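# Got a predicted structure plus its sequence, pasted below:
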Amino acid sequence: MESRAPEATADWMSDPRFKKVDLHCHSIYSTFKYFRIANTRDCYTQPEDVYRTAKERGMDYVTFTDHDSIDGCKAYLNDHPDSTDFFMSEEAETWFPDTRQRIHVNIFDLTEAQHREVSRLRENIYDLVAYLKSEELIFSANHMFQNYRMRNSPRRYFEEMLSMFDIFEVKNGAMTTHHNRLVDDLMSLVRAKDGRVSLIAGSDAHTLTPLARVFTVAECDSLPAFLESVRSGQCYVWGDEIGFSKLITEVYSQVLRYYGSVFNFSNPEFTAGAKARHFALAAMGAPFSAVGVPFAITSLNYLKQIFVSRRIGEEIRRDLDKSEPS
């Protein structure tokens, strides 16, 4: 099966046989872990607004993949306990113990008890994946080369990932085209050899603008059937990356929303002391935002994706052409 969906016409997009889900998006419950003391977040959108916008843009089912959290999913389900088109997910950050290489793993349709065990095990990717497999959960490797540090050979890293994962995110709306094309090409080669991998997509939206612009499609008639299609690889990906200029716009939109949250002194979520701390730290950070630090960091990360994709892409492709990955 090809990773891309059939040509998207108006008829295809409205065909009830095909169900669509953005399998990678965030809500306000995704925190920015590197500056938590200042109450920074990766997203400032309420769960209700994420759900509503996804549905307005044609998604048949909805989930949130907040960083190491299911609180956004729980908040939505608490308000809509009878929902039949929503399922609980999360994006767990985990590490290879020897190289400290970071990997982000989307885990779909899990329970609160399973989330607690994920939180306990995620320091070690081998322990985490063993648990996910024992529970027969559906889980994917996200943006596979975003955090690649070259601390082991590209071939070894790629083979380790193939040994642990059967589902790979090959289209991420926030990544560069170079990165997505590399992962898609590599997985297409693997699929041609043994057919076992499943390829999925998501917007990785942290604001409403790119939400549901990249998604996964499967021909099915229910949410459980959709999830099984993801598990078995009977699904397609659709959509396009937002690109560098829109990504910069999204970053500065987040910066402005952060300062808006800091100046919201009526927010009952924090004590007066916590609000004063947030304000002081935000004031300290304002000059860095003003001189373009967010732009510089985003630009360097974007260029790194392009460099890494080009640097290791040919090497892995050459190895795959010679022999099948173990």
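Ah, there it is. What you are looking at is a predicted structure, and each value in this text was computed from that prediction instead of being measured. Numbering: from 1, shown residues only.
# Would you mind listing the residues in contact with Trp95?
Each residue near Trp95 by C-beta atoms under 8 Å, 6 or more residues apart in numbering is listed here: 101-103, 123-125. All C-beta spots, glycine's among them, are computed from the backbone N, C-alpha and C.
# switch to 10 Å and redo it
Under the criterion of C-beta atoms under 10 Å, 6 or more residues apart in numbering, the contact list for Trp95 reads 101-103, 122-125, 128, 147.
# in the sheet, who's paired with the nearest residue to Lys55 once chain neighbours are set aside?
Once flanking residues are discounted, Lys55 sits nearest to Val62: 6.6 Å by C-beta to C-beta, 6 or more residues apart in numbering. Legend: beta-bridge partners of Val62 under DSSP bridges are Phe86.
# so Val62 makes contact with Phe86?
Yes. Here Val62 reaches Phe86: they are 5.2 Å apart, a contact under C-beta atoms under 10 Å.
# Neighbour count: those two, which is higher?
When Val62 and Phe86 are compared for neighbours, Val62 comes out ahead with 24 against 19, by other C-beta atoms under 10 Å.
# Pull up the gap between the more buried one and Lys20, please.
Computed with C-beta to C-beta, to the nearest Å, the distance linking Val62 and Lys20 is 10 Å.
# follow-up on the earlier one: could you tell me which residues touch both of Val62 and Phe86?
Counting by C-beta under 10 Å, 6+ apart, the contacts common to Val62 and Phe86 are 47, 51, 54-55, 73, 76, 223.
# Counting by contacts, list what the helix ranked longest in the chain packs against.
Ranked by residue count under DSSP state H, the longest helix found in the chain is helix 293-322. Here helix 293-322 touches helix 154-164, helix 177-194, helix 244-262, helix 272-290, going by 3 or more C-beta pairs under 10 Å, 6 or more residues apart in numbering; DSSP states H and E.
# Strands of the stretch 1-150 of the chain, start to end?
According to DSSP state E, counting those that start in this stretch, the stretch 1-150 of the chain carries its strands in the segments 18-21, 89-95, 102-108, 138-141.
# okay, these in JSON lines with mean pLDDT and distance to Arg116 next?
Shown next, in JSON lines, are the strands of the stretch 1-150 of the chain (pLDDT from 0 to 100; distance: least, C-beta to C-beta, whole Å):
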{"stretch": "strand 18-21", "mean pLDDT": "97", "distance to Arg116": "25"}
{"stretch": "strand 89-95", "mean pLDDT": "97", "distance to Arg116": "11"}
{"stretch": "strand 102-108", "mean pLDDT": "97", "distance to Arg116": "12"}
{"stretch": "strand 138-141", "mean pLDDT": "98", "distance to Arg116": "16"}
